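Novice: quick one, structure for this:
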Amino acid sequence: QYSFKEVFGTLVVQKQLFDVVAKPLVEDLIRGKNGLLFTYGVTGSGKTHTMTGSPGDGGLLPRCLDMIFNSIGPFQAKRFVFKLDDKNGVDVQCEVDALLERQKRDAMPIPKTPSGKRQIDLEFADMINVQDHCKVEDVDEDNVYSVFVSYIEIYNNYIYDLLEEAPFEPIKPKWNNCNTPVRNGDFIPPQSKILREDQNHNMYVTGCTEVEVKSTEEAFEVFWRGQKKRRIANTQLNRESSRSHSVFIIKLAQAPLDADGDNVLQDKEQIILSQLSLVDLAGSERTNRTKAEGNRLREAGNINQSLMTLRTCIEVLRENQMCGTNKMVPYRDSKLTHLFKNYFDGEGKVRMIVCVNPKAEDYEESLQVMRFAEMTQEVEVARPADRPICGLTPGRRFRNQAFREELQRKLEMRGGPINEETEEQAVSELLLQNFPPLPSCELLDINDDQTLPKVIEVLEKRHKLRQMLSEEIAKTVHAFKTVLQEFDSSIASKENYIQGKLSEKEKTIAGQKMELERLEKKIKTLEYKIHILEKTATIYEEDKRNLQQELESKSQQLQRQASDKRRMEARLQGMVTETSVKWEKECERRVAAKQLEMQNKLWVKDEKLKQLKAIVTEPKNEKPERPSRLRDREKPVQRSVSPPPAPSAPPVRLRHRRSRSAGERWVDHKPPSNVPTETVMQPQVPHAITVAAASEKALAKCDKYMLTHQELASDGEIETKLIKGDVFKTRGGGQAVQFTEIETLKQESPTGRKRRSSPSNPDQPEDAADSEWTDVETRCSVAVEMRAGSALGPGYQHHAQPK
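Specialist: Residues are numbered from 1 along each chain as shown. You can find the predicted model right below:
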């Protein structure tokens, strides 16, 4: 939502818009104040239509012209009484010089300015046919006025004069498809103009054509002539898109009449020159929507750059006024802002009309336009303008006119002369009638002696009469001189009296002026203090709002931190509880595993003790006979009572021979400490995975296991044992090996024999000695189990079986 001083709907008429926006600017123009009115908006939003209007309904520009000429129509000066110079100033000249200049201009072979009596061009006749007859009420009747208009455009950041007369086809110059002038001998392309600063620090366009106009029709015809030269092009968003900023400048020169109310006062200091600028800005546009390329793209870039500079200047002015800073306003970055620098510095009122297109595609750009327009309302640029004091009697024009009309009426009533020439002619005729008439002076005969004496007599009478009239005139002149002297003396005394009174009044006025100056200084001081206090209050309010916002943000941050802390505490509490439960389970698992391990170790020790006890307590009178493996399978030996193995270990399967053609895979476990033997028979296992240490990965791929174990026999020879077993999965997810048989590879000397398993008494009989020879490998079987995830090494479980 954005706030503006006035918002007009889509069905608003041009008159209502003019009454609210432009009418106060025209009133200020006639009162000697400057004004600036420009339309701003996205391309295709109706800026040119608002400024120019349509047939049957004129826009702001023709209505402003009509109001100006309706107000000053009876008080306009003749042409060339006011003469603009080339330094943004104005001179005044008398009626004779103005007449000579008019005659000289009429004799020059140049196109004359359009006259108000000629027929109006039908192309724009409907636009200036305004029936409202709006006018300013309080127009100074003792001034004379003249209106000058000029029309320029700012194209690609260059200024061109649209009223400049070209040598060839001035209305429609030749332009090629690239929008550049054709280079030929008949046509000279328009030259860009330069901005300058006059002695009053006002910006103006040097060398710009300024036409003096005397009617609305004449002024609008000049505007229409320049409008045809304005650069427009067809884009994706607008069929007739303005490619330049156009500025129509209306200058109003006014000066007071002299004391008689007849002629213009020949004093340049008394001339007031006011100016009203009507600006039709080119619309801002996005190239991705207009699909512009080439010259259109360059034009769009310059248009957007100038509008961005205008926005930057307004923002810096606002910051300087709101915060009391003194930043430099970048007026010179663009010709548009440089031309109207004086308006933004306070040389007149500035009014902006924001045109908005309700199309959904223009939503984002319209928001940017309205955001900028709302911000410009906070910038104050108007300041009071001082008018020169004339010091002449007001109302002198109509009093002098009324005096002349009354004098002429009285002379007509008396039948006397109407003017000075007829009065002088009547006086001479009256004098001639008082003289005696001359007789006939024709001499018909040489002897005529009567004609000449008569003529001499009449001439003598006329001479006497002339002397009498001369004496009377002398007496009358003397009397008149006496009266004049008396009148002069009375006037001198009155003048002395008046001078005394005037000196007293001047002293009183001087005292009052000093008092006024003191009061004005005091008022300025108080206004400055009020301004400073307002700025300080604004700064404090801004600080207060910032602190409140900061306090709210801090409180919200504290609330967020407290909620985050509570969430973190709850999360940590849950993590602590979860971790405690996890470690309790892990401890229970480790305790159970440790108990199982200790139980297995105790069971192994018990078995070893039982085997040792069985070996020690075995009868020695007979030499045991080595049973065959087939007999061992048929006659299972009763085991001693001992704790059962852990539940996770699988039951021991019966050992049996398996076919070697089944294609089993073997794990060939050869420790690195094995010594190679030079025996004829070497163990060779096909499809084997040779490892140096038993691993669960290797066991998972095979179903047979073979461990090569070497030890030193009693006779000093190396004995190699191949311990074989079956691999199967356990309930715990690991791999277990159950040893099934042991093959022994041994080299013996032909003269050697087996060593006793334990030292014996030499006195014992031979049978007792033979009973001590035993084969430990046939008395026990070994099972190795490896559990997944266990850090324990392989557990060896010995199951003793008597042979």
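Novice: how about A300, phi and psi?
Specialist: Backbone torsions for A300, taken as degrees, to the nearest 10, come to phi -60, psi -40.
Novice: for it, give its distance to G283.
Specialist: Computed as CB to CB, to the nearest Å, the A300 to G283 distance reads 10 Å. Bear in mind the C-beta positions are built from the backbone N, C-alpha and C, glycine included.
Novice: the two: which is more packed in?
Specialist: Just comparing A300 and G283: by other CB atoms under 10 Å the higher neighbour count belongs to G283, 31 against 23.
Novice: can you check the pLDDT for that one?
Specialist: Note for G283: predicted pLDDT of 77.
Novice: quick one: contacts for it?
Specialist: Applying CB atoms under 8 Å, 6 or more residues apart in numbering to G283 gives the contacts 41-45, 47, 238, 241-242, 303.
Novice: looking at the residues you listed, which is nearest D564?
Specialist: Closest approach between these and D564, by CB to CB: V42, at 45.9 Å.
Novice: isn't the closest one up against E364?
Specialist: No - counting by CB atoms under 8 Å, V42 stays clear of E364, with 9.7 Å between them.
Novice: which of those two has more neighbours?
Specialist: Neighbour count, other CB under 10 Å: between V42 and E364, V42 has more, with 26 against 10.
Novice: now do the contacts for the more buried one.
Specialist: The contact partners of V42, by CB under 8 Å, 6+ apart, come to 283-285, 355-357, 362, 365-366, 369.
Novice: where are the low-confidence patches of the stretch 601-750 of the chain?
Specialist: Low-confidence segments of the stretch 601-750 of the chain (pLDDT under 70): 619-663, 749-750.
Novice: I should have written the stretch 101-250 of the chain there, sorry.
Specialist: 108-132, 166-189, 232-241.
Novice: my read is V147 is in a strand, agree?
Specialist: Yes - under DSSP: H, G, I helix; E, B strand; the rest coil, V147 falls within a strand.
Novice: any idea how far it lies from N70?
Specialist: The value you get for V147 to N70, if CB to CB is used, is 12 Å.
Novice: dump the one helix or strand D106 maps to to CSV, keeping only the CA atoms.
Specialist: Using DSSP states H and E, D106 sits in helix 95-107. What follows is helix 95-107, C-alpha atoms only, in CSV (Å, rounded to 0.1, in the frame of the first residue of the first chain):
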residue,chain,number,x,y,z
GLU,A,95,6.7,50.9,-28.9
VAL,A,96,8.7,52.5,-31.7
ASP,A,97,11.6,50.0,-31.5
ALA,A,98,9.1,47.1,-31.3
LEU,A,99,7.3,48.5,-34.4
LEU,A,100,10.6,48.7,-36.3
GLU,A,101,11.5,45.1,-35.3
ARG,A,102,8.1,43.9,-36.5
GLN,A,103,8.5,45.6,-39.8
LYS,A,104,12.0,44.1,-40.1
ARG,A,105,10.8,40.6,-39.3
ASP,A,106,7.9,40.9,-41.7
ALA,A,107,10.3,41.8,-44.5
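Novice: still on that earlier bit, quick one: which of V147 and N70 has more around it?
Specialist: Between V147 and N70, V147 has the larger neighbour count (other CB under 10 Å), namely 24 against 16.
Novice: so who does that one touch?
Specialist: 68-69, 72, 76, 212-214, 219, 250-253.
Novice: and for H338?
Specialist: So H338 contacts 195, 203, 331-332 (CB under 8 Å, 6+ apart).
Novice: ok, of the residues you listed, which come out buried?
Specialist: 203, 331 (16 or more other CB atoms under 10 Å).
Novice: among the contacts of H338, name the ones in helices.
Specialist: With DSSP state H as the criterion, helices contain none of the contacts of H338.
Novice: in the one helix or strand K349 maps to, what counts as buried?
Specialist: Assigned by DSSP H and E, K349 belongs to strand 348-355. Buried residues in strand 348-355, counting neighbours by 16+ other CB under 10 Å, are found at 348-350, 352-355.
Novice: centre of the chain to the helix or strand containing H463, how far?
Specialist: In the assignment (DSSP H and E), H463 maps to helix 451-616. Put simply, helix 451-616 sits 22 Å off its chain's centre (CA atoms, centre = their mean, to the nearest Å).
Novice: packing partners for that helix?
Specialist: Counting contacts by 3 or more CB pairs under 8 Å, 6 or more residues apart in numbering; DSSP states H and E, helix 451-616 packs against helix 295-323, helix 420-434, strand 795-800.
Novice: domain-wise, how is the protein divided?
Specialist: For the chain, the TED database gives the domain ranges 14-107+121-377, 396-413+451-586, 689-744.
Novice: indicate which one of those domains is closest to H669.
Specialist: For H669, the closest of the domains of the chain is domain 689-744, at 4.6 Å, according to CB to CB.
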